[in-house]
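Student: Following is a predicted model, sequence given first.
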Amino acid sequence: MHRVSTALFVVTMACPLGLIASNAIAEGTVFLNAHVIPVTGPEIEEGFVLVEDGKIAAVGAMSEWTPRGGDIEEHDCTDRIIMPGLVCTHSHIGIQGKGGGGGDGSGPIQPEVRILDSIDIENAGFRRAVAGGLTCLNIMPGSGHLSSGQTAYVKLRPARRVEDMLILDEDNRIMGGLKMANGTNPQRKTPFPGTRGKSAALVRQAFMDAQDYQRKLDEAGDDPDKLPDRNLKLETLAEVLRGERVVHHHTHRHDDILTVLRIADEFDFEVVLHHVSDGWKVADEIADAGAACSVILVDSPGGKQEAVGLEYGTGRILKDAGVLVAFHTDDLITDSRWFRRMPALAMRAGLDRQTALESITINGAAMLDLDHRIGSLEAGKDADLVILDGDPFSIYTKTLETYVEGERVFDLEDPEDRLYAVGGPGAGQPARPYLCCIDEGHE
């Protein structure tokens, strides 16, 4: 991915104090004697990873390691695997209530809504995610709108507030995309569309309005008297048109996928296709359009009509056609702790191991325009890594430790962390009455 997806405002990061369990590592830590999977380079049977100041300082074979002086902590990882922290391109962790935390029922296109304003950092899903080795998420609003709002790219750092988790670009701007959807999800009573054709027409009109808004901005130049009144909806769509915000598009059926590609081509914006249950049917068209695909292989428990064409071989078929492929959890649809099972299922249908590794690390990072910072074990990148006790795609393999920017955010030996690793969805949370016959104010 080549465009930078950012919002046009600035924040200052606060010092994270930790609602996620954490242990800052020493001035430097070296992980020794591990089977290292850099992802972008050959696997190292017996290797080391050196971390300094939250960054990866060096990766190599043990034969290349020279002990250093100073405050360097040694971490023996014999019989362990170290790989990059996992990147999930589509998650709803931290979002509760109707509408998935994004747009409400007032209209079908609400790009001005920011999901960051709905994220509850105390949600147990974040603890479960790091227990699964995830270190970076694209948190999305729901898919009940043609556009339900702006997504947020987050690191699962220790956090007191959402700002502690947000990822900033080189200009200190919050990074995120724009969530859009088509198919049956956004179809309902007026003012929402009732057909696929009307859905596409409303989206086209919205982008035409954004083009007019951008034209007025260009004509005004630096003259404040000529600037149009601010319009948060059109500002966001104009960011998409300028290549400053990637569209993350929910789409399942083959004809819906092609509609997304037509509109993206008409208005020349970058899109990542999400779910793509029928993507295997139109793989060549997706490849020709240059769109990336974030795939789910376990969707909508109980069945979803649009997903009946879902195939475990979708990832392989798309990859063979030349499409950049990642997988995602859509958590809560799939628990983040089972993320590594997604590419494992794809491997059962013929996906090669290397692409499977890339699909939950560097490829997802590329779809978020973060592959220069995360997604592989390379010197200079963020020290986001996970330590496993076996092959990443084995059902028997456990996540032992997870690190984000050099801080340990999960340790299976910690009793509290272990609760989130093995417990159910409510693990670690206070019990809450849920039966219809229990009134508030009564125990």
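Tutor: Perfect, I can see it now. What you see is a predicted model; the values in this text were computed from it and never measured.

Student: longest single helix anywhere in the protein?
Tutor: If you go by DSSP state H, the chain has its longest helix at helix 196-220.

Student: That helix - contacts with which helices or strands?
Tutor: In this structure, helix 196-220 packs against helix 232-241, helix 254-267, with contacts taken as 3 or more Cβ pairs under 8 Å, 6 or more residues apart in numbering; DSSP states H and E. Backbone N, C-alpha and C define where each C-beta goes, glycine included.

Student: I'd like these laid out as a markdown table, including distance to Lys226 and mean pLDDT.
Tutor: Shown next, in a markdown table, are the helices and strands packed on helix 196-220 (distance: least, Cβ to Cβ, whole Å; pLDDT from 0 to 100):
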| stretch | distance to Lys226 | mean pLDDT |
| --- | --- | --- |
| helix 232-241 | 16 | 99 |
| helix 254-267 | 25 | 99 |
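
Student: what separates the longest helix of the chain from the chain centre, distance-wise?
Tutor: Helix 196-220 sits 27 Å away from the centroid of its parent chain (Cα atoms, centre = their mean, to the nearest Å).

Student: Could you list the residues in contact with that helix?
Tutor: By Cβ atoms under 8 Å, 6 or more residues apart in numbering, the residues outside helix 196-220 that reach it are 108-109, 111, 146-147, 180, 182-183, 186-187, 193, 226-228, 231, 233-235, 237-238, 240-242, 255-256, 259, 262-263, 266-267, 269.

Student: In ChimeraX, how would I select just the buried ones from these?
Tutor: A single ChimeraX command selects the buried members of those (16 or more other Cβ atoms under 10 Å):
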select :108,109,111,146,147,180,182,183,186,187,193,233,234,235,237,238,240,241,256,259,263,267,269
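
Student: Output the helices and strands packed on helix 196-220 in JSON lines; the columns should cover distance to Ala349.
Tutor: Putting these into JSON lines (distance: least, Cβ to Cβ, whole Å) gives the following:
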{"stretch": "helix 232-241", "distance to Ala349": "34"}
{"stretch": "helix 254-267", "distance to Ala349": "18"}
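
Student: For Asp222, find the nearest of these.
Tutor: Ranking these by proximity to Asp222 (Cβ to Cβ) places helix 232-241 first, at 17.3 Å.

Student: Mind checking what helix or strand follows the closest one in sequence?
Tutor: strand 247-251 (DSSP states H and E).

Student: chain center to the helix or strand encompassing Thr402, what's the gap?
Tutor: Assigned by DSSP H and E, Thr402 belongs to strand 399-404. How far strand 399-404 lies from its chain's middle: 18 Å, per Cα atoms, centre = their mean.

Student: Then stretch 360-371?
Tutor: 9 Å.

Student: Let's test this: mean pLDDT of it, rounded?
Tutor: Mean pLDDT, computed over stretch 360-371, is 99.

Student: Just the residues contacting that stretch, thanks.
Tutor: Against stretch 360-371 from outside (Cβ under 8 Å, 6+ apart): 1-5, 39-40, 83-89, 136, 138, 153, 167, 175, 177, 246, 272, 292, 294, 324-328, 339-340, 342-343, 373-376.

Student: residues of the strand holding Thr402 that come out buried?
Tutor: Buried residues in strand 399-404, counted by 16+ other Cβ under 10 Å: 399-404.

Student: how close does Lys319 get to Pro343?
Tutor: Going from Lys319 to Pro343 by Cβ to Cβ, to the nearest Å gives 11 Å.

Student: same deal with Glu170?
Tutor: 31 Å.

Student: Name the nearest residue to Arg341, sequence neighbours excluded.
Tutor: In space, not counting the residues next to it along the chain, Arg341 is nearest to Ile395; the distance is 7.1 Å by Cβ to Cβ, 6 or more residues apart in numbering.

Student: quick one: that neighbour is in a helix?
Tutor: No - using DSSP: H, G, I helix; E, B strand; the rest coil, the assignment for Ile395 is coil, not a helix.

Student: so it sits right up against Arg340, yeah?
Tutor: No - using Cβ atoms under 8 Å, Ile395 makes no contact with Arg340, being 9.0 Å away.

Student: In terms of neighbours, single out the busier of those two.
Tutor: Per other Cβ atoms under 10 Å, whichever of Ile395 and Arg340 has more neighbours is Arg340, with 25 against 10.

Student: just to revisit the earlier point, which neighbours do Lys319 and Pro343 share?
Tutor: Residues touching both Lys319 and Pro343 comprise Leu351, with contact defined as Cβ under 8 Å, 6+ apart.

Student: can you map out the helices along the stretch 301-443 of the chain?
Tutor: 314-321, 341-348, 353-359, 362-367, 415-422 (DSSP state H, counting those that start in this stretch).

Student: Comparing those helices, which stretch has the densest surroundings?
Tutor: Among the helices of the stretch 301-443 of the chain, helix 362-367 has the highest mean neighbour count (mean count of other Cβ atoms under 10 Å), at a mean of 26.

Student: Can you show me the CA trace of that helix as CSV?
Tutor: Presented in CSV, the C-alpha positions along helix 362-367 are these (Å, rounded to 0.1, in the frame of the first residue of the first chain):
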residue,chain,number,x,y,z
ILE,A,362,3.4,-7.9,7.2
ASN,A,363,0.5,-8.0,4.7
GLY,A,364,-1.9,-6.6,7.3
ALA,A,365,0.6,-4.0,8.2
ALA,A,366,0.8,-3.0,4.5
MET,A,367,-2.9,-2.6,4.3
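
Student: so of the contacts of stretch 360-371, which ones are in strands?
Tutor: Using DSSP state E, 83-84, 86-89, 136, 138, 153, 175, 272, 292, 294, 325-327 are the members of those that sit in strands.
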